[in-house]
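1. fold the following for me, if possible:
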Amino acid sequence: MEDLFSTFLRAIFIDNMVFSYYLGMCSFFAISKNVKTSMGLGLTVVFILGCTVPINYLLEKYVLVEGALSWLDERFVNTDLSFLSLIIFITVIASFVQLAEMFIERFMPALYASLGIFLPLLAVNCAILGGSLFMQQRSFPNAGTATVYGLGCGIGWLLAIVGMAAISEKISYSDIPKPLKGLGIAFVITGLMGMGFMCFSGLKI
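-> Numbers count the residues shown, from 1 in each chain. As a prediction, this is how the structure comes out:
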């Protein structure tokens, strides 16, 4: 349990997808102007990461790596399908993005309209794919740890985009120098938030 808690906190604060690796920045900058819309996209990312990371972990362990298909027959002991991992991971992610898109379109049409093209673009969002690739790199011991890691990555991305949206709403009433308006001030704020999250890197979790 302690290892799961450590993995969860590290994924949120220390290995934050936005502030540590700068992944998923296109959606981050485009949507982080309104807290409500940012919350909707962030929760969608949490759902997709929480589902796809453990599924991709199981596919990696029982289908893709060398010897993973030995449970089918001894003839497959030396079979290595790891070269397909990227394609398989993206296929799983795209499937869950499509499910999320259909659900939001059906039950939350206002959010669907406000997200626009950025909802289907989650299928190629580097933060979501990064979750599965980091899972593959870190060789988690079981699917439970992979699930906790995926949820932690999603919540970290959610905190980043909602925090950015809250600041953006506040500074809309501020007297920002003309050269910094728009994307310029967004870069400055993101850098400052990234420096703030660097404080968590000293924690021994």
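
2. I'd like the next helix or strand past the helix or strand harbouring S114.
-> In this structure, S114 sits in helix 109-115 according to DSSP states H and E. Downstream of helix 109-115, the next assigned helix or strand under DSSP H and E is helix 126-138.

3. tell me how far that following helix lies from the chain's centre.
-> 9 Å (C-alpha atoms, centre = their mean, to the nearest Å).

4. now the helix or strand containing L43: buried residues?
-> Per DSSP H and E: L43 is located in helix 35-59. Going by neighbour count (16 or more other C-beta atoms under 10 Å), the buried part of helix 35-59 is 35, 37-57, 59. C-beta: built from backbone N, CA, C; applies to glycine.

5. and for stretch 75-94?
-> By neighbour count on 16+ other C-beta under 10 Å, the buried set for stretch 75-94 is 79, 81, 85, 88-90, 92-94.

6. can you redo those residues as JSON lines with distance to V18?
-> Output for the buried residues of stretch 75-94, formatted as JSON lines (distance: C-beta to C-beta, whole Å):
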{"residue": "T79", "distance to V18": "38"}
{"residue": "L81", "distance to V18": "32"}
{"residue": "S85", "distance to V18": "24"}
{"residue": "I88", "distance to V18": "26"}
{"residue": "F89", "distance to V18": "20"}
{"residue": "I90", "distance to V18": "21"}
{"residue": "V92", "distance to V18": "22"}
{"residue": "I93", "distance to V18": "18"}
{"residue": "A94", "distance to V18": "22"}
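
7. and which of these is nearest G144?
-> V92 (18.2 Å; C-beta to C-beta).

8. okay then, goodbye and thanks.
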